[in-house]
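A.B. asks: okay, here's the prediction I keep looking at, along with the sequence it came from:
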Amino acid sequence: MSDANDATIRDELRRLFAAEDEVLADARRRAADLDPPDPEEGSLLAWLAAGLGRTGVPPEAVEVGAAGGVTALWLLAGLPADGAVTSIEAAADAHARASEAVEVAGRGDRVRAILGAPAEVLPRLADARYGLCLLQVPPGQHLGLLPDALRLLAPGGTLVARGVLRRGEHGAAAARFLAAVAGDERLRATVLQQHDGVLLATLR
């Protein structure tokens, strides 16, 4: 199959299942240096968020790393009307861009944006409050954040970690993180190889 045919199929699938409005597409372009998800990965987040609340799991999500506000907007697209996102970002510029993106989208009232180091902010958040926890920091940081991420999740909640199959300097740390998740009897997990690796784990 030619590259042109591949692109045509991708564009049609994106139109059908991962369409972005103009505000979201603009937010993704402005956050290009912050590793925002592509529309397909964003649509996956919205699909996961759509199950919260209806399944008895709290309709709240927490993200570690803001990705320019793109992931918060996708999560809100799936969450029920009473759902909310807590967004933690350590870098001031990235925090500002994410806050601007959700305000432009008219969703600022449903996002609690916190500027601070995740290792300092996460311990202050309430136990079992969230239905979804998204880790999108460098993979080398995932393992250190895992205990707090699981503490924050309600039973039945979902842990999502982006970039778990990236190669390079964080490869060994990412492997240790995956081994820790696989060996945790509280978790039922799988890894999608697309998008540099996406880990999905449900807390029993």
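C.D. replies: Nice, thanks for sending it over.
A.B. asks: shaky segments in the chain?
C.D. replies: Where the chain drops to pLDDT under 70, the residues are 1-2.
A.B. asks: now the strands for it?
C.D. replies: With DSSP state E as the definition, the chain shows strands at residue ranges 60-64, 84-89, 111-115, 130-135, 153-162, 187-192, 198-203.
A.B. asks: quick one, the last one and strand 130-135 angle?
C.D. replies: The reference is to strand 198-203. Using axes from the mean of the first three to the mean of the last three CA atoms, to 10 degrees, the interaxial angle of strand 198-203 with respect to strand 130-135 works out to 150 degrees.
A.B. asks: okay if I get the strands of the chain as a markdown table plus mean neighbour count and distance to Val104?
C.D. replies: Yep, even glycine has a C-beta here, placed from its N, CA and C like the rest. Formatted as a markdown table, the entries for those read as follows, by neighbours: other CB atoms under 10 Å; distance: least, CB to CB, whole Å:
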| stretch | mean neighbour count | distance to Val104 |
| --- | --- | --- |
| strand 60-64 | 27 | 18 |
| strand 84-89 | 24 | 15 |
| strand 111-115 | 19 | 12 |
| strand 130-135 | 27 | 21 |
| strand 153-162 | 21 | 23 |
| strand 187-192 | 14 | 30 |
| strand 198-203 | 21 | 27 |
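A.B. asks: quick one: closest of the ones you listed to Val23.
C.D. replies: Proximity to Val23, assessed across these by CB to CB, is greatest for strand 111-115 (13.9 Å).
A.B. asks: give me the contacts around that closest one.
C.D. replies: With CB atoms under 8 Å, 6 or more residues apart in numbering as the test, strand 111-115 has contacts from 66, 72, 76, 84-90, 92, 95, 98-99, 102, 121.
A.B. asks: mind running it again at 7 Å?
C.D. replies: 72, 84-89, 92, 95, 98-99, 102, 121 (CB atoms under 7 Å, 6 or more residues apart in numbering).
A.B. asks: redo the strands of the chain as TSV? Include distance to Ser43.
C.D. replies: TSV is the format used below for the strands of the chain (distance: least, CB to CB, whole Å):
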stretch	distance to Ser43
strand 60-64	15
strand 84-89	16
strand 111-115	19
strand 130-135	14
strand 153-162	13
strand 187-192	13
strand 198-203	12
